[in-house]
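# Have a look; sequence and predicted model below, questions after that.
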Amino acid sequence: MINPFIKSTNRFSTYLFIWLAVSAVHLFTLYIILGMNFYYALADSLVFNILYLGIGLSLWYPTKFISFENYTLLKIFINHILAAIVTSGAWVLLGYFAMLNVLGVEGDQKDFLYQSLVWRFLIGILFYSIIVSLNYVIIYYTNFQEKILKESELKALVKESELKTLKYQINPHFVFNSLNSISSLTISDPKKAQEMTIKLSSFLRYTLSKNEKQKHKLSDEIDNVKLYLDIEKIRFSDKFKYVEEITDECKSIEVPSMILQPLFENAIKHGVYESVDKVIIKLICKEEDDYLKIIVENEFDPEAVSKKGEGIGLSNIQNRLKLIYNQDNLLTIRKSENIFKANIYIPLHGA
């Protein structure tokens, strides 16, 4: 990891500003409080603080090396105590010799410089502690942010994988039944067999080609449902009637792809297949509050012995809606007398 104070212009500017403030306090202390000569006070402030400004940047690397992942707290503490002593000692000595040999400090100012070495050394320890602590905070925060980002990416990948798995759960019984019907019709009614083959091909092409996108316009989904019902009509002739009540505004709203399919499969399987009378399958779509409400209802024979399925159709819808919109109340089911009704709620401002 690159030193964050060097990598970012804003952080480096902030770092320089802090040391400028420290230098100002240093100058104020020597000149105003201790009554030192202004030029000496200015030189003292600039030399020592510029030195530690550079040292402070270099402290990032030992901080990064002496990490909590590789060392115990005791070892970290001992290492930093030793490093603080060495760093502070080197800082004081470099500043001392710079003031004497470069700036030529003499007399009372030289005496003051010598007498102040101990408290300068302690201030160096304080600077070291502050900078190293700040470095650890930055490292922890950066690692925490990276962890959150990776977890978020992982959740997104898992979510996408789950959605794809759910979307590709095409009811195999529908495909098998259609193929069996085609096989039978090739002998009794070749024209219908050809028609059914073309419609089944179109249906599967739509299903496979559109599955890569998470959402489609409601109108596209309805077109695919009608294609599915056309195939089933060839099998069941006039045993069911499809009715829809849809506003034009609803047709352009995007919904999860293949979200309606399991509901109509359910209506055919438990309504049309098990009933001796003609069944009405109705699709109603309307805006309600902040949701697009989709209702699929079908008649059924309450006295018929229901074929117990695998139960993946409705649970498929519920799981997909929860994954996409982070709500687990977007599918409701009602069964009364001879009407089965499934309600889907699509948030108009959803994810």
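Noted; the coordinates are in hand.
# any idea how far Gly35 is from Val255?
In this structure, Gly35 lies at 80 Å from Val255, with CB to CB, to the nearest Å as the measure. Placement of C-beta: from N, CA and C, glycine included.
# which residues in the stretch 51-200 of the chain form helices?
Secondary structure of the stretch 51-200 of the chain (DSSP state H, counting those that start in this stretch): helices at 60-65, 73-97, 107-115, 117-167, 172-188, 190-210.
# With distance to Ile317 and mean neighbour count added, can I get those in a markdown table?
Putting those into a markdown table (distance: least, CB to CB, whole Å; neighbours: other CB atoms under 10 Å) gives the following:
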| stretch | distance to Ile317 | mean neighbour count |
| --- | --- | --- |
| helix 60-65 | 50 | 15 |
| helix 73-97 | 52 | 15 |
| helix 107-115 | 80 | 13 |
| helix 117-167 | 9 | 14 |
| helix 172-188 | 16 | 14 |
| helix 190-210 | 15 | 15 |
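# Can you check which of the ones you listed gets nearest to Asn326?
Proximity to Asn326, assessed across the helices of the stretch 51-200 of the chain by CB to CB, is greatest for helix 117-167 (9.9 Å).
# Give me the helices and strands touching that closest one, please.
The helices and strands touching helix 117-167, judged by 3 or more CB pairs under 8 Å, 6 or more residues apart in numbering; DSSP states H and E, are helix 38-58, helix 60-65, helix 73-97, helix 312-325.
# who wins for proximity to Val175 among those?
Ranking those by proximity to Val175 (CB to CB) places helix 312-325 first, at 14.4 Å.
# Just the buried positions in that closest one, please.
Within helix 312-325, the residues that qualify as buried by neighbour count (16 or more other CB atoms under 10 Å) are Gly313, Asn316, Ile317, Gln318, Asn319, Arg320, Leu321, Leu323, Ile324, Tyr325.
# so the first one makes contact with Ala267?
Just to be clear, that refers to Gly313. No. Judged on CB atoms under 8 Å, Gly313 makes no contact with Ala267 at a distance of 10.2 Å.
# can you tell me the average pLDDT over stretch 22-33?
On average, the pLDDT along stretch 22-33 is 93.
# ok, Asn316 to Ile259 distance?
Between Asn316 and Ile259 the distance, using CB to CB, works out to 9 Å.
# swap in Ala83?
For Ala83, the distance to Ile259 equals 62 Å [CB to CB].
# picking up where we left off before, who's more crowded, Gly35 and Val255?
Summary of the neighbour comparison: Gly35 and Val255, criterion other CB atoms under 10 Å, with Val255 having more neighbours (25 against 8).
# ok, the more buried one - contacts?
Lys215, His216, Lys217, Leu218, Glu221, Leu292, Ile294, Ile346 (CB atoms under 8 Å, 6 or more residues apart in numbering).
# and it, what helix or strand is that in?
Under the assignment given by DSSP states H and E, the secondary-structure element containing Val255 is strand 254-256.
# Can you name the next helix or strand after that strand?
Past strand 254-256, further along toward the C-terminus, the next helix or strand under DSSP H and E is helix 261-267.
# isn't Met258 right up against Glu221?
Yes. Between Met258 and Glu221 there is a contact at 7.4 Å, judged by CB under 8 Å.
# now the residue nearest to Tyr71 when sequence neighbours are not counted: how far from Trp60?
Once its chain neighbours are removed from consideration, Tyr71 has its nearest residue in Asn79; the separation is 7.1 Å (CB to CB, 6 or more residues apart in numbering). To Trp60, Asn79 is 15 Å away according to CB to CB.
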